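Visitor: What follows is a predicted protein model with its sequence.
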Amino acid sequence: MSRTIIFVLLFLQQDPRQIVEEAQRRTTSQSQRYEGTLEVIDAKSKISEKRWQYDRIGSHGSSKSVLRFTAPAEVKGVALLVMNHPDRSSDQWMWTPAINRERRIALQDRSTRFFGTDFSFEDLEERDTNQFDYTLLGEEPVDGASCWKIESKPKQTKVSQYTHSILWVRKDNYAVGQIDNYNKEQLVRHAKYSDIRNVQGIWTAHQIEMRDVKRNSRTILKIDKLQYNLPMKDDAFTLQALRRES
Amino acid sequence: MWGKRYSPGLSRWAALVYSPGLSRGAALECSPGRKPGVSVRLNEAAPEGRKILEILSPLRGLKSKRISTPGLRPGLHSNAAPRLNPGLYTNAAQRLNPRLHSNAAPRLILVLLLGAATCAAQGYTQRGFLENRATLYPQKAPNDRAKAVGESLFRYEAFYQPSTALQFNGSIDFRLDTHHQVDRDLKLSWQDREQKRPTGEIRRLSAMYHNGPVTFEAGKQFIRWGKTDIVTPTDRFAPRDFLTVVDNDFLAITAARLTLEKGANTLDLVWSPRLTPSRIPLPDQRWAVPPGLPPGVSLRDAGVTFPGGPQSGVRWNHTGAIEYALSLYQGFNHLPSLDAVPRFTPSGIQVDVSRFYPKMLMAGGDIAIPTRWLTIKGEAAHFSSSDLRADEFALYVIQVERQAGEWFFVGGYAGEAVTREGTQAADFAPDRGLTKTLLGRAGYTIDANRSIAFESAIRQDGDGTWTKFEYSQAFGQHWRATANFTLIRGDVGDFLGQYRRNSHAILVVRYSF
């Protein structure tokens, strides 16, 4: 009942912040785990594949996540720890088992491609609505689904490679259907969310295609074995945890 | 008079012969830290990883010095007098390399394989690779006529987690080569005290317990401290295999490690029952530049004295907007110092050269400051010793790094200040040797499978340069080929320049699983 009321109110008011907050609320969970398969397709259509396991505890601005490569063999064990903060940019560390050391990913390095994929380090952060300002640009369908088209601009406290992004939020389930990331007026990365399924009450895209416009390459992330609200411990999301599971 | 005239030189020659890769120039100039080395090897095959790794891992170098009060004549009273008695320092028994003997090796392998099979369930992960490497030297070295060296390395790593609190880690290496850098006997080494690389080696074998903020690991393990890459003064539990100068690798140590983590603070306590020394290059190979000895003078390896007793250390690390750490280490230098004892013999002068590992107390810290454009990293430590033969000194490093698009840049400078001169003849000290050199690296990731890198080291005085170009490409999910070309130029008296004959090309083919 309350969801219906909120939906009606949002539909009438069309406050972009409320739309995004509702989208965020609907994807809130205590934890998340999936196995991801990445296909990196370069400009010459050459394909390379990588796999990782993703664990997250908490949600959005207060979440922590560990992403650990499981394939190809030469990067097996390489891991990324992301600690998101509600009021500032995330902290990120990369663990490399070959040298038994972690390295902090500096803010100025976040625009770099993550391990040869078309995702940048920043793209692996969880976005928090409090770190952005929103403007409703209108409505536009994505894959036949009616969507709100919303512009988000990072606040001053948020360091970002993107000057602004445009989000398409589906009206039927508040799932994000597409994101275009811009640097000034130039489109930098285009993310397309598809194969959206309801898992444990959360509408989740099982395929994310990230396209690097400048390089004309793309990476397709396919999500498998997705689970929410698994029991996880905080101490599995620390620098020591990175080292432990090398 | 004769002794006064020549003995300092003798000690220098000894250093050159017994500290392969050590600088002729270093000996001549007698200034510690004047002879840096350059490490070039990246310990990871992935081009993406390469960018984020130890970009310029510390190499080896030499600090050698004159004997201030040399005495060739028995009975001479001087600081060098104790060194005149070879028996005081050389104990052949201590040269024995403790290791598991051959009959234990098959058993251990069997246990590992059976363990792997039975543990092949959830909680068991493994990885490894088979690597073949060919090194081509266009020029012969005076003490090494080989122009091509072939090496093979098989590495298997396994991790078993029977419960969330407990984890077992194991890793084993098997090697072969064409150049006798690898021992020909099939043995499985644990202690890593051999001069040559062992055929088989337990690279890591440890049990780890974890509960809340506490992590405890015991066994053979890798421990890395510090933040900088060019030289890491506080990285005292990380001996290396320096057998091949430009391609060194870390050695694990036997230790117990307790880590307490609370919020942004981590306290690391380490205790190691015995020293694992760094492996230094072999005296009869090209990275040991032979000295020109005058007629009638010969050198003799008087062996090595491994110290007894444990090492321990504590490190507090804080990870905030700025990361910093303070560390304290008490134990032994894993890099050897050299004593040279000249003696008259019927056939001339014989210089007995022995290696020892002086006591060391290190107090240091490291810091990483991310700024808008660069990440600045610094590390400094002071080393003191109760052993009067050893120098007391401070090392400091400053480096900057930046990643921009597909490019990665790192560069820096390391310095040294000697606070007390010891009485030893020479040191094999790559960390000190790397001082007074500017180093830089640029890497570019072409695509998900290919990368190139360019590295260079230029001596502060411009007397020596080292340049390396590397191309790496992955094929499919398992194969990677890497080719690199290294050019070394400089004056014959310079640390880098002395290796002019060692410019080389390397081709590496690795199958990872």
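Guide: Received the coordinates, thanks.
Visitor: and A:Q240, backbone torsions?
Guide: Dihedral pair for A:Q240: phi -60, psi -40, per degrees, to the nearest 10.
Visitor: before we move on, what about A:H60?
Guide: phi 50, psi -120.
Visitor: what's the nearest residue to it if we skip its chain neighbours?
Guide: Distance criterion CB to CB, 6 or more residues apart in numbering or on different chains; nearest residue to A:H60, sequence neighbours excluded, is A:D128 at 4.7 Å. Where you see a C-beta, it was placed from the backbone N, CA and C, and this is true even at glycine.
Visitor: A:Q32 versus that neighbour, what's the distance?
Guide: 15 Å (CB to CB, to the nearest Å).
Visitor: what sits against the residue nearest to A:H60?
Guide: A:24, A:60-61, A:84, A:86 (CB atoms under 8 Å, 6 or more residues apart in numbering or on different chains).
Visitor: can you give me the helices in chain A?
Guide: Assigned by DSSP state H, chain A shows helices spanning A:2-13, A:16-26, A:239-244.
Visitor: Restrict the second one to CA atoms and write it as PDB.
Guide: What follows is helix A:16-26, C-alpha atoms only, in PDB (Å, rounded to 0.1, in the frame of the first residue of the first chain):
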ATOM      1  CA  PRO A  16      14.100  13.500 -10.000                       C
ATOM      2  CA  ARG A  17      15.800  13.100  -6.600                       C
ATOM      3  CA  GLN A  18      12.800  11.100  -5.300                       C
ATOM      4  CA  ILE A  19      12.900   8.900  -8.300                       C
ATOM      5  CA  VAL A  20      16.500   8.100  -7.900                       C
ATOM      6  CA  GLU A  21      16.100   7.700  -4.200                       C
ATOM      7  CA  GLU A  22      13.300   5.300  -4.700                       C
ATOM      8  CA  ALA A  23      15.400   3.400  -7.200                       C
ATOM      9  CA  GLN A  24      18.100   3.200  -4.700                       C
ATOM     10  CA  ARG A  25      15.700   2.200  -1.900                       C
ATOM     11  CA  ARG A  26      14.400  -0.700  -4.000                       C
END
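Visitor: Count the residues that sit near residue 243.
Guide: You didn't pick a chain, so chain A it is. Residues near A:R243, counting by other CB atoms under 10 Å in any protein chain shown, number 20.
Visitor: look at chain B instead
Guide: 24.
Visitor: quick one on the thing from earlier: can you add distance to B:P213 and pLDDT and give the contacts of A:D128 back as a markdown table?
Guide: Output for the contacts of A:D128, formatted as a markdown table (distance: CB to CB, whole Å; pLDDT from 0 to 100):
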| residue | distance to B:P213 | pLDDT |
| --- | --- | --- |
| A:Q24 | 31 | 89 |
| A:H60 | 25 | 81 |
| A:G61 | 24 | 79 |
| A:N84 | 21 | 87 |
| A:P86 | 24 | 81 |
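Visitor: got the contact list for the longest strand anywhere in chain A?
Guide: Assignment by DSSP state E gives strand A:186-199 as the longest strand of chain A. Under the contact criterion CB under 8 Å, 6+ apart, strand A:186-199 has outside partners A:118, A:120, A:123, A:143, A:161-162, A:170, A:173, A:175-182, A:203-214, A:226-228.
Visitor: In strands, which of those residues fall?
Guide: A:170, A:176-182, A:203-212, A:226-228.
Visitor: for the contacts of A:D128, which one is nearest B:L361?
Guide: Of all the contacts of A:D128, A:N84 has the smallest distance to B:L361: 41.4 Å, by CB to CB.
Visitor: While we're on B:Q330, how confident is the model there?
Guide: With respect to pLDDT, B:Q330 scores 97.
Visitor: Please apply the same query to the one 5 residues further on.
Guide: Per-residue pLDDT puts B:L335 at 93.
Visitor: May I have stretch A:66-85 as PDB, with CA atoms only?
Guide: Taking C-alpha atoms only, stretch A:66-85 is exported to PDB below (Å, rounded to 0.1, in the frame of the first residue of the first chain):
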ATOM      1  CA  VAL A  66      35.500  -7.000  -2.700                       C
ATOM      2  CA  LEU A  67      35.900  -8.000  -6.200                       C
ATOM      3  CA  ARG A  68      38.200 -10.900  -6.800                       C
ATOM      4  CA  PHE A  69      39.400 -12.200 -10.100                       C
ATOM      5  CA  THR A  70      39.000 -16.000 -10.700                       C
ATOM      6  CA  ALA A  71      40.100 -16.100 -14.400                       C
ATOM      7  CA  PRO A  72      42.100 -15.900 -16.500                       C
ATOM      8  CA  ALA A  73      44.700 -17.800 -14.600                       C
ATOM      9  CA  GLU A  74      47.400 -15.100 -14.700                       C
ATOM     10  CA  VAL A  75      45.300 -12.700 -12.700                       C
ATOM     11  CA  LYS A  76      43.600 -15.200 -10.400                       C
ATOM     12  CA  GLY A  77      43.600 -13.800  -6.900                       C
ATOM     13  CA  VAL A  78      44.000 -10.100  -7.800                       C
ATOM     14  CA  ALA A  79      41.400  -8.300  -5.800                       C
ATOM     15  CA  LEU A  80      39.900  -4.900  -5.400                       C
ATOM     16  CA  LEU A  81      38.500  -3.600  -2.100                       C
ATOM     17  CA  VAL A  82      36.100  -0.600  -2.400                       C
ATOM     18  CA  MET A  83      34.900   1.200   0.700                       C
ATOM     19  CA  ASN A  84      32.100   3.600  -0.200                       C
ATOM     20  CA  HIS A  85      31.300   6.700   1.900                       C
END
